[in-house]
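> Based on what follows, work out the 3D shape:
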Amino acid sequence: MVFLLEAGCTDAEVSAITGQSRGMVVHYARQVNKKKLAAAAVLKWQAAGRIGTNEER
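Purely as a prediction, here's the structure:
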């Protein structure tokens, strides 16, 4: 199920494909979304030139 969420499928699509309840899919989607947000934040931070400097703190 996680790989479908990571591939960009919606909660409803994953639920329909896997037969999991919508609540269960939403539970896993939260974890996937946290990972995506964290990765995006790191990329923005790198683009701003803040990684590897004293400004990291």
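> CA only for contacts and neighbour counts going forward, please
Fine.
> so how far is His27 from the residue nearest to Ala29 when sequence neighbours are not counted?
Sequence neighbours aside, Leu5 is the residue nearest to Ala29 in space, at 6.5 Å (criterion: C-alpha to C-alpha, 6 or more residues apart in numbering). Separation of Leu5 from His27 (C-alpha to C-alpha, to the nearest Å): 11 Å.
> repeat for Leu37
Distance from Leu37 to His27, by C-alpha to C-alpha: 16 Å.
> circling back to that earlier point, what residues sit buried inside the helix or strand where the residue nearest to Ala29 lies?
Counting by DSSP states H and E, the element that carries Leu5 is helix 2-6. By 16 or more other C-alpha atoms under 10 Å, the buried positions in helix 2-6 come out as Leu5.
> next one: stretch 8-19
Neighbour counts over stretch 8-19 (16+ other C-alpha under 10 Å) mark Cys9, Asp11, Val14, Ser15 as buried.
> which other helices and strands contact the lengthiest helix in the chain?
The helix that spans the most residues within the chain, counting by DSSP state H, is helix 22-47. In this structure, helix 22-47 packs against helix 2-6, helix 11-18, with contacts taken as 3 or more C-alpha pairs under 8 Å, 6 or more residues apart in numbering; DSSP states H and E.
> Of all the ones you listed, which one is nearest Ala48?
helix 2-6 (25.8 Å; C-alpha to C-alpha).
> what packs against the closest one?
Applying 3+ C-alpha pairs under 8 Å, 6+ apart, we find helix 2-6 packed against helix 11-18, helix 22-47.
> any residues touching it, and which ones?
Asp11, Val14, Tyr28, Ala29, Val32 (C-alpha atoms under 8 Å, 6 or more residues apart in numbering).
> could you dump those to CSV with distance to Trp45 and pLDDT?
Below are the contacts of helix 2-6 laid out as CSV (distance: C-alpha to C-alpha, whole Å; pLDDT from 0 to 100):
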residue, distance to Trp45, pLDDT
Asp11, 29, 93
Val14, 32, 96
Tyr28, 26, 91
Ala29, 24, 92
Val32, 20, 89
